[in-house]
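[1] Structure for this input, please:
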Amino acid sequence: MTAALLFLVLAEQAGASKAPAPADPIGQYLSDLEEAGVLGGAGINDAPSLPRLKEILRVAEDDLVTGNPQVATTLLFRVVESPQWKAFAYAPEYEAAEFTLGRALARSGAYDSAKRYLLRVLEHGPKHPYFAPAYRTLVDAALETREQAAFLALLDGVKSEDPLPRDSENERAYLRGKVSYERGDLGAAAASFGEVDRQSRFQASALYFRGLIAARQQRFAMARRNLCEIVEQVDKDRFSFFIDGRYYAVKDLAYLALGRIAHEQGKYDDAYYFYFRVPEDSERLPDALFEASWSMFQKGEYEAAGAFIDQFDRLFGKSPLAPDVLLLHAMIDLKSCQFEKVRTTLDQLVKTYVPIEKEVASLIRDPTRRQVLYRRLLSKSEIGHPTDRVVELLKIDSRFYRYYSYLAALDREVGLLPGQVAVWDEMTAKQTGQPSMQRGGEATEAVRLVDQIRELEPLARGDPEMEARVGALLNDARRVARPVSTRGGPFSVEATQTLALGGEAQRLRARLVTATTAIAEAALIDLDQRLRHMLTQARLTHIDAVIGKKKKLEIEIANLREGRYPPEMFAQLQLEGLMGDDEEYWPFEGEHWSDEYDNYK
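    From the prediction side, this is the model:
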């Protein structure tokens with residue numbers, strides 16, 4: 001049953017699940033399992049009692065805290081949906097079990113199933129101790145799934161004569177603000193975010209969105225006030241509002257936003273200050289260094305701009321911003337009149353990125369070749385460790401990696417399905433007294449075929465189309481190898497349904513692959529546009545460098561005609577004027593020896 005539950009999790013994460021049925025089938029399964037006498041472990045099959053319920057709840061919470069939500073889910077299902085434990089539905093511990101089960105399901109990603117149990121807790125009313133935590137969990141699910149509007153409607157449908165707790169009011173106000181912001185209703189969004197008080201965990205996020213809204217409305221003073229309240233409290237009170245793990249990420253975003261606002265207003269010193277405040281361990285440091293260099297470049301502080309961009313090169317040499325950084329190097333050298341360096345840098349840029357741009361354009365035009373790129377992206381060895389420049393330069397949406405993790409988990413759980421079917425068979429055999437394995441020669445041959453098909457999986461890995469074909473073939477072979485539908489028995493239907501999950505998994509996998517390839521294609525198109533624009537700017541910069549070098553030579557020639565010499569010639573001309581005809585000038589190369597310098601000591 002574990003594989004079936006985890007498949008439900010993955011199906012909901014990919015959007016493949018439907019609305020939950022009014023009655024949970026797991027309750028019926030548990031009733032059948034108890035009647036068969038096959039439930040055991042963790043004292044669940046002991047006589048129900050409040051001390052035993054407390055112990056089960058403690059074990060489940062430990063599993064949830066230590067990162068095993070699936071184990072906690074299985075344990076709590078066997079309490080909350082078990083007919084033997086219904087007699088304790090009045091007890092606070094039973095309500096705690098319902099809440100913990102909903103939280104474990106949400107932590108696993110089975111949000112639709114989590115709703116059922118969290119809504120049970122909310123139906124007890126705002127005065128119950130688990131109401132506010134359940135409300136928070138539903139809000140977290142809304143933000144994680146990006147289905148804010150649907151969850152807001154769900155929460156608004158919870159009717160109660162008592163007012164919401166203040167914490168839940170804050171949660172609802174923030175969620176309502178997110179819904180309005182996504183719809184483009186900035187006025188309503190700002191009003192909702194303004195209702196989030198300083199005791200809410202979303203206070204920093206609400207201030208950030210208020211700052212963004214003000215900036216989009218060109219109200220920069222108000223934007224700065226909201227953003228500055230995040231990064232530095234006026235009253236210097238460390239407890240002025242709630243801080244959790246998300247605060248520091250929001251704080252880094254606030255510094256970036258403040259720097260961009262200052263840059264937009266031409267206040268480059270202020271922009272430098274805010275970019276400099278982004279910590280070295282922040283994920284936003286590459287953006288901060290690059291944008292700080294641009295601000296100093298705009299101000300005319302070319303040495304400072306070069307220092308920032310040099311630090312970027314040392315720390316983030318393989319960043320997607322690498323071509324933009326190389327172009328900025330050339331522009332800084334151009335403003336510093338180092339025309340030869342400009343030419344060298346632009347030659348390197350063109351030599352490196354023109355072939356990449358052609359490759360990207362070819363990938364966009366040729367769907368077959370795009371599949372090669374997607375195979376590299378979907379290969380586990382590529383995630384986080386790109387081996388070619390196209391992969392390095394792609395700005396991949398975070399959803400790509402989340403969907404990839406779903407694919408990996410789905411493949412892992414599909415591999416467990418045959419073992420789960422065997423469990424159902426063993427349960428049937430135990431109850432009926434019949435042998436659990438009755439296969440003829442054809443079934444034995446099918447089992448051998450399954451093993452042969454599994455040997456094809458490593459060869460197909462990385463090719464979405466071939467993986468789908470091998471998976472479908474493997475699923476068909478497994479059906480033939482274990483003809484459960486004809487065996488009969490109390491659990492034959494469950495065994496058949498479990499085996500059928502293999503086909504559902506293949507269809508779900510195809511949807512996940514489609515979603516990931518769509519994200520990769522969007523990133524590829526974005527990269528093509530970025531490279532085209534960058535190469536155009538490189539050509540214009542090269543023209544400016546040629547014109548600048550020509551102008552510099554014209555000025556030097558004009559100065560020589562009028563007897564004005566460039567500064568670098570002064571020392572050499574002065575020495576040559578003092579030398580005799582039999583003397584030769586040797587330029588100083590950086591070191592004096594004692595026998596060449598009388599006053600060495």
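[2] what number of residues lie near residue 117?
    25 (other Cβ atoms under 10 Å). Any C-beta I mention is one placed from the backbone N, CA and C, and that applies to glycine too.
[3] Just the element for the closest residue in space to it that isn't next to it in sequence, please.
    Residue nearest to residue 117 in three dimensions, not counting chain neighbours: residue 102, with 3.6 Å by Cβ to Cβ, 6 or more residues apart in numbering. Assigned by DSSP states H and E, residue 102 belongs to helix 92-108.
[4] is it true that the residue nearest to residue 117 touches residue 137?
    Yes - using Cβ atoms under 8 Å, residue 102 is in contact with residue 137, at 6.4 Å.
[5] picking that back up, next up, the contacts around the residue nearest to residue 117.
    With contacts defined as Cβ atoms under 8 Å, 6 or more residues apart in numbering, residue 102 is in contact with 114-118, 120-121, 134, 137.
[6] try 7 Å
    114, 117-118, 121, 134, 137 (Cβ atoms under 7 Å, 6 or more residues apart in numbering).
[7] Then residue 273?
    Counting by Cβ under 7 Å, 6+ apart, residue 273 touches no other residue.
[8] mind running it again at 10 Å?
    255, 258-259, 262, 267, 292, 295 (Cβ atoms under 10 Å, 6 or more residues apart in numbering).
[9] In those, find the pair that's most separated.
    Spanning the widest gap among the contacts of residue 273 are 255 and 267, at 14.7 Å by Cβ to Cβ.
[10] So these two - more neighbours on which side?
    Set residue 255 next to residue 267 and count neighbours by other Cβ under 10 Å: residue 255 wins out with 22 against 17.
[11] My guess is that one contacts residue 288. True?
    Yes - with contact defined as Cβ atoms under 10 Å, residue 255 reaches residue 288; the gap is 7.2 Å.
[12] what is in contact with the two at once?
    Common neighbours of residue 255 and residue 288, using Cβ under 10 Å, 6+ apart, are 274-279, 282.
[13] got a markdown table for those residues, with secondary structure too?
    Supplementary listing: those in a markdown table, determined by DSSP: H, G, I helix; E, B strand; the rest coil:
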| residue | secondary structure |
| --- | --- |
| 274 | helix |
| 275 | helix |
| 276 | helix |
| 277 | coil |
| 278 | coil |
| 279 | coil |
| 282 | coil |
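[14] Quick check: the gap between the closest residue in space to residue 118 that isn't next to it in sequence and residue 157.
    By the measure of Cβ to Cβ, 6+ apart, the closest residue to residue 118 outside its immediate chain neighbours is residue 102, 3.9 Å from it. Going from residue 102 to residue 157 by Cβ to Cβ, to the nearest Å gives 17 Å.
[15] returning to what we had before: list the residues that contact both of residue 102 and residue 137?
    111, 114-115, 117-118, 121, 130.
[16] Identify, from those, the entry nearest to residue 524.
    Nearest to residue 524 among the shared contacts of residue 102 and residue 137, with distances taken as Cβ to Cβ, is residue 111, at 30.6 Å.
[17] got any ranges where the stretch 101-250 of the chain has weak pLDDT?
    Along the stretch 101-250 of the chain, the parts satisfying pLDDT under 70 run over 233-244.
[18] could you pull out the helices for it?
    111-123, 131-145, 148-156, 166-183, 186-194, 203-216, 220-231, 245-264 (DSSP state H, counting those that start in this stretch).
[19] For residue 79, which of those is the nearest?
    Here helix 111-123 is closest among the helices of the stretch 101-250 of the chain (Cβ to Cβ), at 11.5 Å.
[20] got the CA coordinates for that closest one in PDB?
    Once non-C-alpha atoms are left out, helix 111-123 reads as follows in PDB (Å, rounded to 0.1, in the frame of the first residue of the first chain):
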ATOM      1  CA  TYR A 111      -2.300  18.400  -1.000                       C
ATOM      2  CA  ASP A 112      -5.700  17.200  -2.100                       C
ATOM      3  CA  SER A 113      -5.700  14.400   0.500                       C
ATOM      4  CA  ALA A 114      -4.300  16.800   3.100                       C
ATOM      5  CA  LYS A 115      -7.300  19.100   2.600                       C
ATOM      6  CA  ARG A 116      -9.700  16.400   3.900                       C
ATOM      7  CA  TYR A 117      -8.000  16.100   7.200                       C
ATOM      8  CA  LEU A 118      -7.100  19.800   7.700                       C
ATOM      9  CA  LEU A 119     -10.700  20.800   7.000                       C
ATOM     10  CA  ARG A 120     -11.800  18.300   9.600                       C
ATOM     11  CA  VAL A 121      -9.700  20.200  12.100                       C
ATOM     12  CA  LEU A 122     -11.100  23.600  10.900                       C
ATOM     13  CA  GLU A 123     -14.600  22.300  11.300                       C
END
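[21] Run through the neighbouring helices and strands of it.
    With contacts defined as 3 or more Cβ pairs under 10 Å, 6 or more residues apart in numbering; DSSP states H and E, helix 111-123 has these neighbours: helix 2-13, helix 69-80, helix 92-108, helix 131-145, helix 148-156.
[22] I'd assumed residue 323 was in contact with residue 531.
    Yes - between residue 531 and residue 323 there is a contact under Cβ under 10 Å: 6.7 Å.
[23] Quick check: neighbours shared by those two?
    Here residue 531 and residue 323 have 353, 356-357, 393 as joint contacts, going by Cβ under 10 Å, 6+ apart.
[24] which of those lies closest to residue 189?
    Taking Cβ to Cβ as the measure, residue 393 is the one of the shared contacts of residue 531 and residue 323 closest to residue 189, at 34.0 Å.
[25] Nearest residue to that closest one in space, please, no chain neighbours.
    residue 320 (5.1 Å).
[26] ok, how many other residues are close to the one you found?
    Neighbours around residue 320, by other Cβ under 10 Å: 17.
[27] just residue 281 next, same as before
    For residue 281, the neighbour count with other Cβ under 10 Å is 8.
[28] What backbone torsions are found at it?
    The phi and psi values for residue 281, taken as degrees, to the nearest 10, are phi -90, psi 10.
[29] so what's it scoring on pLDDT?
    Per-residue pLDDT puts residue 281 at 86.
[30] quick one: which helix or strand includes residue 351?
    Mapping residue 351 onto the secondary structure by DSSP H and E places it in helix 339-365.
[31] Remind me what that helix packs against, helices and strands.
    Short answer (3+ Cβ pairs under 10 Å, 6+ apart): helix 339-365 packs on helix 322-335, helix 367-378, helix 389-393, helix 492-561.
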